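**Q** Sequence and computational prediction follow.
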Amino acid sequence: MENNEKIKILAFAGSLRKDSYNKALIKAAKELAPENAEVEIFDLEGIPLYNQDKESEMPEHVKLFKRKIKEADAVLIATPEYNRSIPGVLKNAIDWASRPYGDNSFDDKPVAAFGATGGSLVGTSAAQIHLRQIFSFLNVHPLERPLLFIGGASEKIENGDVVDEELRDLIKSMMQALVSWTLRIRVKS
C-alpha cells in the first residue's frame, strides 16, 4: 500500500448515549484525519445481545458491522469507562464481530483506542487496559503511541464537539500515527 492511497478507517464509540463524549471524539477524529484517510463512523445502536445460537443466522446489523470491519484498513475505538472496564455494549459488539470461531473480523487489523470521561484525571485508562487484553486475543495490532486517556471531558467537549485545542491536536496526532501504523503493517504483510 503506497502513502498516497486512501486508508479506510472504521470508527465507533462504545456508547449508545446521544451526547456521548466518546461519540464526540470519533467525530473529531474524522474531522482531523490526514488527507489520505477516510473515516467511516459506525453506530453500535441496534446490535442485539450476543447469542451463540444466532451465529448461523446473524442479525443484519451485525452482518453489516462485521463487513465494515473487514473492509476497513484500520479500526478506531473510543471507549467510555464503566466500573473500571469497557461498557457492555462495546464488549457485546466485539463478541459479535469476532464470531463465529474462524471468522474474526478484527484479525490482523491495526487498531487505535482512546476514550473520555467527565471525571478522573486518568480518564478511561482501566477500560483501555481491558480493551488491550481483548485485542491480544483478537490478533490485532494496537497503536502504542500516543495513548489518550481523557479526563474532565465536560470542559473539553461542548454540544458534541471537541472544543479544546490541545485535545484536538492530540487527536490529530493520534490519527496521523494510526495511518502511519497502518501503512507499516501493510508493508510487512
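**A** Sure, I can see it. Residues are numbered from 1 along each chain as shown.
**Q** List phi and psi for the residue nearest the centre of the chain.
**A** The C-alpha lying nearest the average C-alpha coordinate of the chain belongs to residue 77 (CA atoms, centre = their mean; 1.1 Å). Per-residue torsions, residue 77: phi -120, psi 130 (degrees, to the nearest 10).
**Q** Nearest residue to it in space, ignoring adjacent ones along the chain?
**A** Closest residue to residue 77 in three dimensions, ignoring its sequence neighbours and counting by CB to CB, 6 or more residues apart in numbering: residue 113, at 4.6 Å. To be clear about C-beta, it is placed using only N, CA and C from the backbone, and glycine gets the same treatment.
**Q** Residue 176 too?
**A** Closest residue to residue 176 apart from its sequence neighbours, by CB to CB, 6+ apart: residue 34 at 5.5 Å.
**Q** Name the strands paired with the one helix or strand in the chain whose mean pLDDT sits lowest and say parallel or antiparallel.
**A** Here the helix or strand of the chain ranked lowest by mean pLDDT, DSSP states H and E is strand 148-150, holding a mean of 91. Sheet pairing of strand 148-150 (DSSP bridges) gives strand 110-116 (parallel).
**Q** hang on, the earlier thing: distance of the residue nearest to residue 176 relative to residue 120?
**A** 30 Å (CB to CB, to the nearest Å).
**Q** repeat for residue 39
**A** Per CB to CB, residue 39 is found 27 Å from residue 120.
**Q** what about those two, which has more around it?
**A** residue 39 (21 against 15; other CB atoms under 10 Å).
**Q** is the more buried one in a bridge, and if so with what?
**A** Here residue 39, judged by DSSP bridges, has bridge partners residue 9.
**Q** start the count at 6, not 1, going forward
**A** Sounds good: first residue 6 from here, last item residue 44.
**Q** Confirm for me that it is in contact with residue 16.
**A** Yes: at 5.3 Å, residue 44 counts as touching residue 16 under the criterion of CB atoms under 8 Å.
**Q** what touches both of those two?
**A** 34-35, 81 (CB atoms under 8 Å, 6 or more residues apart in numbering).
**Q** tell me which residues of whatever helix or strand residue 99 lives in are tucked away?
**A** Per DSSP states H and E, residue 99 falls inside helix 93-102. Residues of helix 93-102 classed as buried: 94-99, 101-102 (neighbour count, 16 or more other CB atoms under 10 Å).
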